[in-house]
Each structure stands twice: as C-alpha cells, then as structure tokens.
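the sequence and its predicted three-dimensional model are supplied below.
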Amino acid sequence: MSDISFKRVLAEKLAESLQGKLPVGTPRKLPQVIAFPNKAPAVIGMRRSGKTTVLHQLRQHWLEVGNAREQVPFINFEDERLVGL
C-alpha cells in the first residue's frame with residue numbers, strides 16, 4: 001500500500017474517532033494513572049484484559065475535564081488496510 005493510501009485510511013479512522021459517542025464498557029479501576037504532559041498514553045496487558053476500555057475511559061475523563069474532542073483521538077490499528085504500516 002502506498003503512503004498516500006495509508007494517509008487516507010488514517011485520516012478516515014481519525015475522523016471516525018471524532019464523531020459519535022465514546023464506547024462504554026465495564027468500568028476499570030486503575031490503582032494509579034501515570035501521565036506525562038504532551039505524550040500519548042500506552043496501555044499494556046494480556047489479551048482481552050480491557051486495555052481498549054481503559055483508553056476510552058481515559059478519553060472520557062479528559063473530555064470531562066475540559067479537553068476538546070480533537071485532543072483525544074483514538075485509532076484502532078487492527079484495520080487490515082493498515083497492514084505493513
């Protein structure tokens with residue numbers, strides 16, 4: 001896939017993340033959140049342990065404290081069109 005195609009798919013995924021309601025899952029209790037200003041969060045863990053749910057909870061929190069939706073995007077890189085990126 002060309003760089004232009006990757007950019008098109010990423011732009012599409014980014015636009016999708018800025019629309020509609022955030023997904024809601026089972027709330028996760030986090031013992032501690034370590035955040036570094038101006039850095040993207042990274043969540044690691046076992047398969048199917050709720051990592052994506054935690055990220056959406058963080059996004060919801062950031063919206064509630066006054067951040068704009070454009071400041072809390074989410075891109076799922078499992079899209080098969082992004083293989084090889």
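Okay, I see it.

name the nearest residue to the spatially most central residue of the chain, sequence neighbours excluded.
What sits nearest the mean C-alpha location of the chain, by Cα atoms, centre = their mean, is Phe74, with 2.8 Å. Of all residues not flanking Phe74 in the chain, Ser17 sits nearest, at 4.5 Å (Cβ to Cβ, 6 or more residues apart in numbering). For the C-beta atoms, the positions are set from N, CA and C on the backbone; glycine is no exception.

now swap in Leu55 and tell me
Spatial nearest neighbour of Leu55, chain neighbours left out: Val43 (5.8 Å); criterion: Cβ to Cβ, 6+ apart.

can you check the pLDDT for that neighbour?
At Val43, the model reports a pLDDT of 84.

tell me the contacts of it?
Val43 is in contact with 51, 54-55, counting by Cβ atoms under 8 Å, 6 or more residues apart in numbering.

Val24: which element?
Counting by DSSP states H and E, no helix or strand carries Val24.

could you do Lys7 as well?
Counting by DSSP H and E, Lys7 is found in helix 3-17.

got a list of contacts for that helix?
In contact with helix 3-17 (Cβ under 8 Å, 6+ apart) are residues 73-76, 79, 81-82, 85.

quick revisit: just the buried residues of the contacts of Val43.
Buried members of the contacts of Val43, counted by 16 or more other Cβ atoms under 10 Å: 54-55.

tabulate the contacts of Val43 (CSV), appending pLDDT and distance to Arg8.
Converted to CSV, the contacts of Val43 look like this (pLDDT from 0 to 100; distance: Cβ to Cβ, whole Å):
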residue, pLDDT, distance to Arg8
Lys51, 88, 27
Val54, 89, 29
Leu55, 89, 24
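
where does pLDDT dip in this structure?
The chain contains residues with pLDDT under 70 at 1.

I figured the residue nearest to the centre of the chain hits His56, correct?
Yes - assessed by Cβ atoms under 8 Å, Phe74 is found in contact with His56 at 7.2 Å.

can you give me the helices in this protein?
Taking DSSP state H, the helices of the chain run over residues 3-17, 51-64.

let me have these in CSV, adding distance to Val33 as columns.
Converted to CSV, those look like this (distance: least, Cβ to Cβ, whole Å):
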stretch, distance to Val33
helix 3-17, 21
helix 51-64, 7
